[in-house]
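1. Okay, sequence plus prediction incoming.
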Amino acid sequence: MMKNTDRVCVGAIAGAFGVQGEVRLKSFCTEAEDIAAYGPLWLEDGSRSFTVRLTRPVNGGLGARLSGVQTKEEGDALKGATLWVDRDRLPGLPDDEFYHADLIGLQVFDTGGAAIGRVRAIQNYGAGDILEIYAPGRKSTLMLPFTLAAVPTVDIKAGKIIADPPEDVE
């Protein structure tokens with residue numbers, strides 16, 4: 001695979017909150033508050049790390065103090081930055097659960113072995129995860145529900161997913 005698998009994205013900075021350098025965090029963790037428990041969080045390029053101290057729940061996320069961020073301007077300068085944690089700091093998952101980062105880039109095949117495409121992203125519009133699959137030659141990406149019926153096999157080590165898309169999936 002062509003991606004850095006040493007770190008996993010656990011959140012993003014939504015901008016400054018207040019004037020003392022506090023920021024609004026969006027947590028991508030199952031339990032939002034866990035974002036502060038994994039040790040230092042890194043910018044995607046690895047150029048900077050932060051310790052995180054949560055301050056309060058805020059509209060659309062969590063209020064937090066990041067080490068080295070003292071002013072509103074410093075907080076605003078980080079707006080949109082994603083936060084990454086070393087993979088070995090995360091808890092292990094049961095066999096039927098996966099980190100989104102591990103699914104992106106996997107090849108997708110149908111139950112007959114024909115290539116369908118590659119996972120581009122995982123979306124969730126409120127009714128469960130959906131794999132967004134890029135397939136060469138298609139006008140649009142294929143949106144496949146990430147359910148046991150539609151995706152019976154995920155083999156991270158082999159870098160592939162076996163899918164049984166419903167007939168009406170476009």
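-> Cool, got the structure.
2. Isn't residue 153 up against residue 162?
-> Yes. Residue 153 is within contact range of residue 162, at 3.8 Å (criterion: C-beta atoms under 8 Å). Every residue, glycine included, has its C-beta placed from N, CA and C.
3. which helices and strands does the lowest-mean-pLDDT helix or strand in the chain pack with?
-> Lowest by mean pLDDT, DSSP states H and E among the helices and strands of the chain is helix 100-103, with a mean of 84. Using 3 or more C-beta pairs under 8 Å, 6 or more residues apart in numbering; DSSP states H and E, the elements in contact with helix 100-103 are strand 7-16, strand 115-124.
4. As a markdown table, these with mean neighbour count, mean pLDDT and distance to residue 33 would be great.
-> What follows is the helices and strands packed on helix 100-103, written out as a markdown table (neighbours: other C-beta atoms under 10 Å; pLDDT from 0 to 100; distance: least, C-beta to C-beta, whole Å):
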| stretch | mean neighbour count | mean pLDDT | distance to residue 33 |
| --- | --- | --- | --- |
| strand 7-16 | 20 | 89 | 11 |
| strand 115-124 | 16 | 89 | 20 |
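5. will you turn those strands into TSV that also has distance to residue 75?
-> Below are those laid out as TSV (distance: least, C-beta to C-beta, whole Å):
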stretch	distance to residue 75
strand 7-16	3
strand 115-124	27
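6. ok, residue 153 and residue 162, which is more surrounded?
-> Neighbours per residue (other C-beta atoms under 10 Å) separate residue 153 from residue 162, with residue 162 holding more: 17 against 13.
7. Tell me where the longest helix sits in this protein.
-> In the chain, with assignment by DSSP state H, the single longest helix is helix 72-77.
8. contacts for that one?
-> Contacts with helix 72-77, where a contact means C-beta atoms under 8 Å, 6 or more residues apart in numbering, come from 13, 15-23, 66, 68-69.
9. re the thing from before, minimum distance to residue 83: which of the helices and strands packed on helix 100-103 has it?
-> Residue 83 lies closest, by C-beta to C-beta, to one member of those: strand 7-16, at 4.5 Å.
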